[in-house]
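**Q** Okay, predicted coordinates and the sequence, questions at the end:
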Amino acid sequence: MPSLSTMMSVQTEVVMMDELLERVASGRLRVPVFNRPFVWRPEQMLELFDSIERGYPVGSLLVWQTEDTVASLEQIGDIAIPDPEPGTSVSYILDGHQRVSTLFGCLFRASEEVLGSDAKEWRWRIYRDLRGGDTHAVYRHQTRAGETPAYLLPLHSVRKTLDFLAFSRAVMEREDSATAEALVEQAELVAQRIKSYKIALSHLVGGNLSQAVEVFSRINQSGQKITSDQMVSALTFRDHGQVTLAERIDHIVSQIGDMGFGEPRRETIFRAVLAIAGEQDVMAPDWNAVVRRVDGKVATAAEETVVAMAAATGFLQREIKVPLFKFLPYAHQLMLLTVFFHHRKSPSSAQLATLRRWFWNTSWTEAFASANSTAVRRALDEMIAFANGHGKLEPRSTVVEPLPEKFNLNSARTRAYLIWELAVFPDRLDPAGDPIRTDQLLATSDSTLFRHVVDRDYRPANRVILPTRNGTSVRSALINLAPEHRSRVLESHGIPVAAWQSLVDGDSNGFVAQRTEFLAKCLGPFLAELGLTPSAELVGSSEPDTE
């Protein structure tokens, strides 16, 4: 418990919009650097102004008032904030950064700055459509610079009288008198509602930096949630100029993305950092407790995670043939492999073979479906022991079900099946017999890339990657393949001639059944090499189970 001398007291006040903005502009109301960056989506910004005009509550701001100098952001709403005058009382926003940035960035920005040609400024160009009257507020972004319709009131013209008069004159010059009068009257109502809006502030007075950061860490209200790494960045914040954990994770995301693997989830990287820092419970929801255990180790662990995750990614690309992170059956697999390569920089060929078997076994046995803290901790212990030569990483069962009953990309089994199929049939041809750039399609497309051949059959054998001309179905393209390259095209997609003939004969079920049988036969030698045994049915659940 903090001593009485460091206890915080709470004071409340209500301020007008202009007063709030003036405090920000003068540097008296600031955003501490341990706060998260501006992350609001454009629609959230529009909703804020809509709520204000309607008089709806937008929530109070929580600020910390202190005599201490706290490192803070140099910009709010992409507008430079000056240092406060010496001797001035300063407050730091703990909850409300997104709202204040939206208000300040849109209402306080200079007219010429907003109307410039810088494309980065578009999110601060919010306008009120005056045609809807006062019963239907419509706010919108203007993404292009240049002259806007007279019925759009720029919010940067609301605060200052001269700016509003300039807007009114422009409307009078561009519209007939009756229309202009109606638009200006509506604009006056909107401006008055925004300027007269009152915002509540809750001041935490006194206390120290650690207490302020702890208060911030406990705030997780509706809207864009704070990520775990941003939370720990706040909790481990000590001094301005240090590289935060969130920034280190940004670097890891970029580095892995540069390897052509796509961008891993931040949560996965964060858990890997915790594991390498020695934390056993990487699924723990109590980040305050986690920080007490790993504080001081995070920076080194993050640096080591970069190297280890790059090695894990290389393993997945070379040994497993995973094309992109988004096809990884379980994100936990990347985290655990990262931990392995941290403890074992140069694995033996036998260890690599065991890891291959482990990957496919965990993918096809739902090993991490809805995995809880206990299961992940056990898997982490086993992986570390294996890396250090103290364990064998034995699967709990060698019987697997490699074929999903339905094609569902939210299913680990489906993703594993796709990795295998893409590796077995890497060089696919289009209906004209030309190579398909599968890698490019996988990187830029969504689930619609995997197209149905026949209708109302959800088995994976009914899906192929086959671009066709506009208006041409996959079924039609396959049936009408030119004889001179028909066999090559079919073979490149793993479609046996007998299945194709069934398609030509109108036997849709026969096509899917025969291709399924063919794929099952292809799986046999692959499973045998791994020391895995297919179940009698080969088919397993395809329910969503990716963590």
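**A** Sure, I can see it.

**Q** from here on, contacts and neighbour counts on C-alpha atoms
**A** Fine.

**Q** which stretches of the stretch 251-400 of the chain form strands?
**A** Applying DSSP state E, counting those that start in this stretch to the stretch 251-400 of the chain gives strands spanning 399-400.

**Q** Please, where are all the helices along it?
**A** 266-276, 287-294, 298-315, 331-343, 349-364, 373-387 (DSSP state H, counting those that start in this stretch).

**Q** The longest one - contacts with which helices or strands?
**A** If you count contacts as 3 or more Cα pairs under 8 Å, 6 or more residues apart in numbering; DSSP states H and E, helix 298-315 packs onto helix 245-256, helix 266-276, helix 331-343.

**Q** Tell me what angle the longest one forms with helix 349-364.
**A** If you take axes from the mean of the first three to the mean of the last three Cα atoms, to 10 degrees, helix 331-343 sits at 160 degrees to helix 349-364.

**Q** Helix 331-343 - contacts with which helices or strands?
**A** Counting by 3+ Cα pairs under 8 Å, 6+ apart, helix 331-343 packs on helix 266-276, helix 298-315, helix 373-387.

**Q** quick check: domain ranges of this protein?
**A** 1-226, 235-397, 403-540 (the TED database).

**Q** Residue for residue, what is the longest helix this structure has?
**A** helix 508-530 (DSSP state H).

**Q** what about it, average pLDDT?
**A** Here helix 508-530 scores 95 as its mean pLDDT.

**Q** got the buried residues for it?
**A** 508-516, 518-520, 523, 527, 530 (16 or more other Cα atoms under 10 Å).

**Q** Could you save the helices of the stretch 251-400 of the chain as JSON lines and add columns showing mean neighbour count, distance to residue 130 and mean pLDDT?
**A** Formatted as JSON lines, the helices of the stretch 251-400 of the chain follow (neighbours: other Cα atoms under 10 Å; distance: least, Cα to Cα, whole Å; pLDDT from 0 to 100):
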{"stretch": "helix 266-276", "mean neighbour count": "23", "distance to residue 130": "42", "mean pLDDT": "91"}
{"stretch": "helix 287-294", "mean neighbour count": "16", "distance to residue 130": "47", "mean pLDDT": "66"}
{"stretch": "helix 298-315", "mean neighbour count": "20", "distance to residue 130": "51", "mean pLDDT": "93"}
{"stretch": "helix 331-343", "mean neighbour count": "23", "distance to residue 130": "48", "mean pLDDT": "97"}
{"stretch": "helix 349-364", "mean neighbour count": "19", "distance to residue 130": "56", "mean pLDDT": "96"}
{"stretch": "helix 373-387", "mean neighbour count": "18", "distance to residue 130": "54", "mean pLDDT": "94"}
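
**Q** Columns distance to residue 39 on top of these, output as TSV?
**A** TSV is the format used below for the helices of the stretch 251-400 of the chain (distance: least, Cα to Cα, whole Å):
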stretch	distance to residue 39
helix 266-276	15
helix 287-294	21
helix 298-315	23
helix 331-343	24
helix 349-364	34
helix 373-387	29
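
**Q** between those helices, which one is nearest to residue 538?
**A** helix 349-364 (10.2 Å; Cα to Cα).

**Q** now that closest one: how far from the chain's centre is it?
**A** Its chain's C-alpha centre and that of helix 349-364 lie 29 Å apart, by Cα atoms, centre = their mean, to the nearest Å.

**Q** ok, back up a step: tell me which strands and helices the longest helix of the chain is in contact with?
**A** helix 497-504, strand 533-534.

**Q** In CSV, list those along with distance to residue 351 and mean neighbour count.
**A** Shown next, in CSV, are these (distance: least, Cα to Cα, whole Å; neighbours: other Cα atoms under 10 Å):
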stretch, distance to residue 351, mean neighbour count
helix 497-504, 40, 18
strand 533-534, 20, 18
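
**Q** So which of those is nearest residue 346?
**A** Of all the helices and strands packed on helix 508-530, strand 533-534 comes closest under Cα to Cα, at 29.5 Å.

**Q** Quick check: what element follows the closest one along the chain?
**A** strand 539-540 (DSSP states H and E).

**Q** Neighbouring strands - and their directions - for that following strand?
**A** Paired neighbours of strand 539-540 in the sheet (DSSP bridges): strand 403-404 (parallel).

**Q** Check which element follows the partner strand along the chain.
**A** helix 412-424.

**Q** how far does that next one sit from the chain's center?
**A** Averaging C-alpha positions (Cα atoms, centre = their mean) puts helix 412-424 24 Å from its chain's average.

**Q** Report the buried residues of it.
**A** Buried-residue list, helix 412-424, by 16+ other Cα under 10 Å: 412-422, 424.

**Q** Quick check: end-to-end length of stretch 393-410?
**A** Using Cα to Cα, to the nearest Å, the end-to-end distance of stretch 393-410 comes to 26 Å.

**Q** Also stretch 317-331?
**A** Taking Cα to Cα, the first and last residues of stretch 317-331 lie 15 Å apart.

**Q** How about that stretch, which residues are buried there?
**A** Buried residues in stretch 317-331 (16+ other Cα under 10 Å): 317, 320, 322-331.

**Q** quick one: which of these is nearest residue 543?
**A** Among those, and counting by Cα to Cα, the member closest to residue 543 is residue 329, at 12.5 Å.

**Q** if I look at that closest one, how far off is residue 268?
**A** Taking Cα to Cα, one finds residue 329 at 13 Å from residue 268.

**Q** repeat for residue 359
**A** Separation of residue 359 from residue 268 (Cα to Cα): 17 Å.

**Q** Which residue comes closest to residue 392 once chain neighbours are left out?
**A** Nearest-residue entry for residue 392: residue 386, 5.7 Å, with adjacent residues in sequence omitted and distances by Cα to Cα, 6 or more residues apart in numbering.

**Q** Return, as residue ranges, the portions of the stretch 51-200 of the chain with sub-threshold pLDDT.
**A** 111-120, 133-137, 145-146 (pLDDT under 70).

**Q** ranges for the helices of it?
**A** So, for the stretch 51-200 of the chain - with DSSP H, counting those that start in this stretch - the helices run 97-107, 111-114, 161-174, 177-195.

**Q** The last one: which residues count as buried?
**A** Burial within helix 177-195, assessed by neighbour count using 16+ other Cα under 10 Å, is assigned to 179-180, 183-184, 186-187, 190-191, 193-195.

**Q** my read: residue 283 touches residue 372, true?
**A** Yes - between residue 283 and residue 372 there is a contact at 7.5 Å, judged by Cα atoms under 8 Å.

**Q** and the two? which has more neighbours close in?
**A** Neighbour tally, residue 283 and residue 372, criterion other Cα atoms under 10 Å: the higher count belongs to residue 283, 17 against 13.

**Q** which one is that one nearest to, not counting chain neighbours?
**A** residue 373 (5.3 Å).

**Q** Over to residue 46?
**A** Nearest non-adjacent residue to residue 46 (Cα to Cα, 6+ apart): residue 139, at 5.7 Å.
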